[in-house]
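S.K.: what follows is a predicted structure for the sequence shown.
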Amino acid sequence: MSGSRWRAASLGVLAAAVVGLWRLGDWPRVQPAVQGRLRVVVPAHEATRTLARLLASLALQRVDGLEVDLVVVNDRSGEATTALARRYGARVVEAEEPPPTWNPKASALSLVAVDDVDWVMFVDADVEFRGRDALRRLVAASAASPGGLVSVQPSPRIGGWWAPLATWHWVVPLLASGAFAPWAAHRSQVAFGPVLVLSSATYRLVGGFAAVRAEPVDDLALARRIRAYGGEVLVWDGGDAVVMDPYDSVRALVAGFRKNLALGAGAASALWSLVAASWVAVSVAGIVRGLRGDRAWVVVGGLGVGLSGAEALRLGAVRAWQAPLAVGGLGVFLVTSAAALVDLVRGQTS
């Protein structure tokens, strides 16, 4: 294939990535009021600082028609977590050290019964709700998809100078999920664990977190069980309504994502995973060829990296002046991907 055809194909890949991220920034539409009881379950492991922010944001939610029961699972975090949770009116469940082969988070969440509620929402302790009707909308989305799972990947809170280095880590998995193409209507094969909502009947039917305690990535395993029982998995990004703290260093970023990249790639949409991988490859090729003096490829590389910066702005992950630094984020993403691949080949993903 000639160089011009390679460049044309590369531009086609970038166009496909734009289509795959078309619905990024959407949020579930306002639905009629949902009646019933919702249990919000928060696993807390050494997260007192972020837990306080989450609980404060939950207290501000408008929940017309919903009776909200708040449960904090204190996962070996001491008395400060228990005291903080009770200050916000939460019931506290104390978790013990799980067996070494169990997923600690899934093990802790499996301790909470949901027989006496209509819906259950699992929320990580580093999440914050900014939209005042976020809970109501998410429960309504769950009610509109009986037997399904509603998942939210929160938008990252803008962090330190290195925030742009995380750009690709947020955007690539969202593209690979396949949930944001115009025709997908947010349907996905995978779920993102920070916010999960489903009916209690569905949760009990699939066995809940007790059934996935031995899985290294509990959200992927739960989504797989939902789909096996005939339910849909629906994914949204957090937009302006749900945010979370990013990792506090580049090293933590790489360590945190290498597991999810290794195991999530095999569970996500094959088509959109291919588009995501091709987008990364095209961007790298454009930069490398551009550095060698090929001006036409400079355009390709610039468009590839520019797309990541633009999508990061849509997510609220970076400030406008930081978006050009997404080229550095591509390098960090490649390091993370390489580490994930090595772990996978060696069977060391944990």
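M.R.: Sure, I can see it. Residues are numbered from 1 along each chain as shown.
S.K.: could you find the closest non-adjacent residue to the spatially most central residue of the chain?
M.R.: For the chain, Gln153 is the residue whose C-alpha lies nearest the centre (Cα atoms, centre = their mean; 3.1 Å). Once flanking residues are discounted, Gln153 sits nearest to Phe192: 3.7 Å by Cβ to Cβ, 6 or more residues apart in numbering. From N, CA and C alone the C-beta is placed, and that goes for glycine too.
S.K.: need the contact list for the one you found.
M.R.: The contact partners of Phe192, taken as Cβ atoms under 8 Å, 6 or more residues apart in numbering, are 151-153, 173, 177, 219, 235.
S.K.: low-confidence stretches in the chain?
M.R.: Low-confidence segments of the chain, defined by pLDDT under 70: 1-3, 32, 159-161, 259-267, 343-350.
S.K.: all strands of it, in order?
M.R.: 36-44, 66-75, 91-95, 119-123, 127-129, 149-153, 155-156, 187-188, 195-199, 233-237, 242-244 (DSSP state E).
S.K.: paired strands for the last one, with orientation please.
M.R.: Using DSSP bridges, the neighbouring strands of strand 242-244 in the sheet come out as strand 127-129 (antiparallel), strand 155-156 (parallel).
S.K.: and the helices in the stretch 251-350 of the chain?
M.R.: Using DSSP state H, counting those that start in this stretch, the helices of the stretch 251-350 of the chain run over residues 270-291, 295-315, 326-346.
S.K.: can you redo those helices as JSON lines with distance to Arg49 and mean neighbour count?
M.R.: Converted to JSON lines, these look like this (distance: least, Cβ to Cβ, whole Å; neighbours: other Cβ atoms under 10 Å):
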{"stretch": "helix 270-291", "distance to Arg49": "33", "mean neighbour count": "19"}
{"stretch": "helix 295-315", "distance to Arg49": "23", "mean neighbour count": "20"}
{"stretch": "helix 326-346", "distance to Arg49": "25", "mean neighbour count": "18"}
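S.K.: looking at those, which is closest to Val19?
M.R.: helix 270-291 (8.6 Å; Cβ to Cβ).
S.K.: off-centre distance for that closest one?
M.R.: On the basis of Cα atoms, centre = their mean, to the nearest Å, helix 270-291 sits 22 Å off its chain's mean C-alpha point.
S.K.: near Val254, how many other residues are there?
M.R.: Look at Val254: counted by other Cβ atoms under 10 Å, it has 22 neighbours.
S.K.: need the contact list for it.
M.R.: 332, 335-336, 339.
S.K.: same question for Thr202.
M.R.: 146-149, 226, 229, 231 are the contacts of Thr202 under Cβ under 8 Å, 6+ apart.
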